[in-house]
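> how would this look folded up:
(3 chains)
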Amino acid sequence: MSLNTLIDELNPQQKQAATTTAKNCLILAGAGCGKTKTIVARAAYLIDQGIPAQQIQILTFTRRAASEIVTRVEQHLGVMAKGLRASTFHTFCMYLLKRNPQAFGLTQFSIIDRDDQLLMFRLLRGKGRESNLPKAAQLCDIYSFARNTQVKLSDAIIQVLPEVLPFKAEISEVMRQYEQRKQERNYLDYDDILSIVAVNLQQSPELVDWVARLCSVMLVDEMQDTNPLQWSLLEPLLGRVELFCVGDDAQSIYGFRGADFENVHHFKERVPNAEVLTLQENYRSTQEILDLSNWLLRVSPIDYNKQLTAYRGTGIKPSLNIFPNEFEEANWIAQDLQQRHQQDTPWNKHMVLVRSSYAARHIEGAFIKSNIPYRFIGGTKLLESAHVKDLLSLLRISSNPQDDLAWMRFLTLWDGVGDVGASRLSAELMLLESVDARCERLEQHGKVTPKAILILKQLAVLQNEVQACITLAIDALTEQLSQNYKNQDWSRRVKDFELVKQLAEKHVGLGEFLEEYVLEPISISEVERAKDQDVVTLITVHSAKGAEQQVCYVPHVTVNQYPHARAQGDFDAVEEERRVLYVAFTRAQNELILTKQDLNSWAYDQTDEQGRKISSYFLNDLPTALVDVRVHKRVPMASGTNFQHNKPATRITFGLDFD
DNA sequence: CAAACACTGGTTTTT
DNA sequence: CCAGTGTTTG
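Numbers count the residues shown, from 1 in each chain, chains lettered A, B, ... in the order given. Predicted coordinates:
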C-alpha cells in the first residue's frame, strides 16, 4: 500500500496528527479512534520524509501490543517498513544493552524472571515460620512497585500492602540482600533492565548521543500506561529524539505496575515544544456499544470527559445474559459460538474477554467439551510452566554455570534433595572451574542420576545445537520428572517438551534461546496454533488492549468480579477496575454480549473518607435502555446435552428478583 | 535436621 | 490447580 492511500484513509484530525511538524506530540484519543492507525501512518509519513526506517522505534507496553503493531505496519507498509522496530520498553532496552554492554558497565549478565525473583526472596526471607515478613510474592510486588514508581520503600509499602508497614526495617534488610545477591551474580531483573539504561542515559551525554544516532524518533503507544521508571528512560532523550505518543487516560489499567497518567496530563509541562492533539471519532464500534461504554464512565465519580461517537452509526444493542450458575454461563457461550459458526461466521470473528486467567478456566472447560477451537492469550506461558522451567534449568546451568538459581531448581528435582541441600551444593559447584569437576562432585553426591550427569557433560560441547541440547535435556530428566509430576497431569506436560523443541528450531545458540524467552514467553496455545488459524480468541482484558473483534463476549460481569472483591473499598483500585471493564466493552465492533450469574445482583456502594463514592458493583443501576436483558432459566441437564439457547427469553426490568 | 508426603485453601492484571 | 503448611519419616 502506498503512503498516499494510507494517508488518504485518515480523517482530518488523524491526518493532522500523522503529518505534524511539531517536534514532540501527544495524541489523546478514545478507544477505537484509530490510535494505532495513526502511529502506523506517522511511521509511514516519516519514512516518506526521508527518515530511515531503522531509526524509528515504536515502543509498547506489552509484547502483544508490539506484535499487533508489527503486523499492521507490515500490512500497510510492506517493504517500506524494513528495519522499523516495534518492541516493548524491555526489549528495546535489551537491544541497547546487547549492542553496547560496556557503555552500561556490564560485561556478562543474565536476566531473571519473576519466578527466579520469588525463589531468591524465598531463600532470603528464610522459612520464617514465626516471622511476620510478607510472603515472597508480596515482597516481590513491593520491591517492583518501588522501582517502577521511583518512590521510597515506605511509600511503596503504603501503596501496595500498608499492613506490613510495621516491619519496614526487616523488609528493607531483605531487599538490601536481594540487591546485593543480584549484583554478585550479575543478574538483572525486569526492572533493572529499564533502570540501568535510564540511569546511564541520565549520567552520560555520550550515551544519549549514541541512542539518538540509533533512533531519531520514538513512537510510544498507550502512553497512559507508562510509569515513572519508563518516563525516566524517555526524559534524557527529550530534545534529541522526537517523541510521538498516543494515549487515553480512560484506558489506564496498569496502576499495579506503577502506571502514572500524569505522563499524559502533564505532557505539555514535561515536554518542550509539545503539541497535544485529540481524536474523537470512533471507527470501531456501533453507537449502542459506545452508549453502554460511555455510561460506564459517566457514572464514575471521576470526570473522564469521554463521550465516544460512532462513525459507523447504530447497530445491535448489547445483551446482558443472566444464568443460574457459572457452568451454564460458560456452556451457553460455547453454544452461542457454535450456533454462530453454523451460520457461517468463522470462529476467529469472536473474542472472549476475561478478567483473570483463573476466570478463563470455566470457559476453557466448556470449549473443550464442545470442541470449539480456541487459543488462550494471557494464560500460563509455555516457557513459564513449572515442568518446562525444570527442563530449562538444566540448559541454564550448562549455558552459565554461575547461575545459582538454575542450580537450585535443577538439584531440587532429584529425590533426596531439598532447599537446604541444594543451596549448599550449588554454592560448592559454582566454585569449581570445569564441567568435569562439577560432574565429578555430583557423582560423589550421588543423588543426581549418572545419566543426567553424563548429559550435562555432553551439553557443554553442544551449545550451538539448541535442538540437540533440548532433546538431550528431555532425555536426562524425563524419568525423574514423570515421578515428580505423576499426580499432576504428567501426560499433558510431556507434550509441551515437543513444543519446546519446535521453538528451538530458529535459534542458533543456547544462551540466545534462553534469553529470548525470558522477555517474550509464548503461550502454549500460541505455539500450537499457527496465528492465522480459524479459532476463537480467549484473552485477558489486559492482554486485549488495542485488540478488536466483531463479536465480543464479556463473561462474569457479576458482583465481586467487576470490581473484583480484592479492590473493594479502595477508591483508586475500584476506578481502575472500571477502566478494565471499559477496555473490555470497547473491544467490540458489532456485538457485545455480557454474561453474568444471577447472584444477588445489587450491592451497596461505600464512601471513602474524602467523601468519594466507591462503587461496589458497576452494573448497579444499569439503565434498561442500554442493554437487552435475557434471563436464562435452568435447563434440565438430564435430558442430555440439549441446551436450548434462546428459549423465549424473558424481558424484564433489570434489578429485580427474577425468579 | 532435612526431606517426603499429604493435605488444604484460595486464587488479578504484565514485563 | 498450585503453593504453602503441617506432619511423619529417614
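> C-alpha from now on. contacts and neighbour counts both.
Will do.
> So which bits of stretch A:562-572 are buried?
By 16 or more other Cα atoms under 10 Å, the buried positions in stretch A:562-572 come out as A:Y562, A:P563, A:H564, A:A567, A:Q568, A:G569, A:F571.
> and the stretch 1-150 of chain A, which of its residues are near DNA strand B?
The stretch 1-150 of chain A comes close to DNA strand B at residues A:F61, A:T62, A:R63, A:R64, A:T88, A:F89, A:H90, A:T91, A:R114, as judged by Cα under 7 Å from any atom of the strand.
> In this structure the second one contacts A:T88, no?
Yes. Under the criterion of Cα atoms under 8 Å, A:T62 lies in contact with A:T88, with a separation of 5.9 Å.
> any low-confidence regions in chain A?
For chain A, applying pLDDT under 70 flags the ranges A:1-2, A:127-131, A:523-532, A:599-604, A:609, A:635-659.
> Any residues of it in contact with DNA strand C? List them.
A:R129, A:K135, A:A136, A:A137, A:A386, A:Q488, A:D489.
> For the residues you listed, give me CSV that also has distance to A:G32.
Converted to CSV, the residues of chain A next to DNA strand C look like this (distance: Cα to Cα, whole Å):
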residue, distance to A:G32
A:R129, 51
A:K135, 40
A:A136, 39
A:A137, 36
A:A386, 38
A:Q488, 43
A:D489, 41
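> From these, pick the one nearest A:A310.
A:A137 (43.4 Å; Cα to Cα).
> Now do the contacts for that closest one.
A:L118 (Cα atoms under 8 Å, 6 or more residues apart in numbering).
> Quick one: name the residues of chain A near DNA strand B.
Counting by Cα under 7 Å from any atom of the strand, chain A sits next to DNA strand B at A:61-64, A:88-91, A:114, A:190-191, A:253-254, A:256-257, A:355-358, A:378-379, A:412, A:414-422, A:519-520, A:540, A:542-543, A:564, A:566-567.
> longest strand of chain A?
Longest strand in chain A by number of residues (criterion: DSSP state E): strand A:588-597.
> after that one comes which helix or strand?
strand A:606-607 (DSSP states H and E).
> tell me what that next one is packed against?
strand A:613-614 (3 or more Cα pairs under 8 Å, 6 or more residues apart in numbering; DSSP states H and E).
> what comes into contact with the strand it packs on?
The contact list for strand A:613-614 (Cα under 8 Å, 6+ apart) reads A:P301, A:Q568, A:G569, A:D570, A:F571, A:V574, A:D605, A:Q606, A:T607, A:D608.
> Give the buried residues for stretch A:211-220.
For stretch A:211-220, the buried set under the neighbour-count rule, 16+ other Cα under 10 Å, comprises A:V211, A:A212, A:C215, A:S216, A:V217, A:M218, A:L219, A:V220.
> Kindly report the same for stretch A:96-114.
Of all the residues in stretch A:96-114, those buried under the rule 16+ other Cα under 10 Å are A:L96, A:L97, A:A103, A:F104, A:S110, A:I111, A:I112, A:D113.
> Among the residues you listed, which are located in strands?
Going by DSSP E, the strands hold A:S110, A:I111 from the buried residues of stretch A:96-114.
> Out of the buried residues of stretch A:96-114, which comes closest to A:G509?
So of the buried residues of stretch A:96-114, ranked by how close each gets to A:G509 (Cα to Cα), first place is A:S110, at 14.6 Å.
> Dihedrals phi and psi, the nearest residue to that closest one once chain neighbours are set aside?
Once flanking residues are discounted, A:S110 sits nearest to A:Y187: 5.1 Å by Cα to Cα, 6 or more residues apart in numbering. A:Y187 adopts backbone torsions of phi -90, psi 140, taken as degrees, to the nearest 10.
> I'd like to know the phi and psi angles of the residue of chain A positioned farthest from its centre, please.
Distance from the C-alpha centroid of chain A, by Cα atoms, centre = their mean, peaks at A:Q444 (44.0 Å). Torsion angles at A:Q444 (phi, psi; degrees, to the nearest 10) stand at phi -60, psi -40.
> Please apply the same query to the one 5 residues further on.
Backbone dihedrals for A:T449, given as degrees, to the nearest 10, come out at phi -70, psi 150.
> follow-up on the earlier one: sort out which of the residues of chain A next to DNA strand C are buried, if you could.
A:A136, A:A137.
> I'd like the residues of chain A next to DNA strand C as TSV, with secondary structure appended.
Formatted as TSV, the residues of chain A next to DNA strand C follow (DSSP: H, G, I helix; E, B strand; the rest coil):
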residue	secondary structure
A:R129	coil
A:K135	coil
A:A136	helix
A:A137	helix
A:A386	helix
A:Q488	coil
A:D489	coil
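> Run me through the strand neighbours of the longest strand of chain A, direction for each.
strand A:319-323 (parallel), strand A:549-554 (parallel) (DSSP bridges).
> Let me see the backbone angles for the closest residue to DNA strand B within the stretch 1-150 of chain A.
Among all residues of the stretch 1-150 of chain A, A:T62 sits closest to DNA strand B, at 3.5 Å; criterion: Cα to the nearest atom of the strand. Main-chain torsions, A:T62, degrees, to the nearest 10: phi -120, psi 160.
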